[in-house]
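K.L.:
after the sequence you'll find the predicted model.
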Amino acid sequence: MNIETVANQALKLNVNARAYLAQVLLESLDYEEEIIVSSQWREEIKKRCQEIKNSPEILIDGKSFLSALNEQYC
């Protein structure tokens, strides 16, 4: 299976599955330099990830977000 096929199949997944897949792929990258994150920001990241795991329905897709943003500010 080539990368285009994998990408096309991944794009057919629902938003929660795509977010999970993106997270897994990003975590699998081996960074050459360590990214330094403050303890406060690390705790905020953990809190937000837990909120998403507990209530995945709070996620919205990018198109809906941009539409709502446009309605609010334009």
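P.N.:
Okay, I see it.

K.L.:
now the residue positioned nearest the centre of the chain: closest residue in space, sequence neighbours ignored.
P.N.:
Nearest residue to the geometric centre of the chain (Cα atoms, centre = their mean): Ala19, 4.2 Å. Nearest residue to Ala19 in three dimensions, chain neighbours excluded: Leu59, at 6.5 Å (Cβ to Cβ, 6 or more residues apart in numbering). Heads up, the C-betas are built off the backbone N, CA and C, glycines and all.

K.L.:
can you tell me the closest non-neighbouring residue to Asp61?
P.N.:
Val15 (5.2 Å).

K.L.:
got phi/psi on that neighbour?
P.N.:
phi -60, psi -40 (degrees, to the nearest 10).

K.L.:
re the thing from before, secondary structure element holding the residue nearest to the centre of the chain?
P.N.:
helix 15-28 (DSSP states H and E).

K.L.:
and if you look at Glu71?
P.N.:
helix 62-73.

K.L.:
with Val37 instead?
P.N.:
Applying DSSP H and E, one finds Val37 in no helix or strand.
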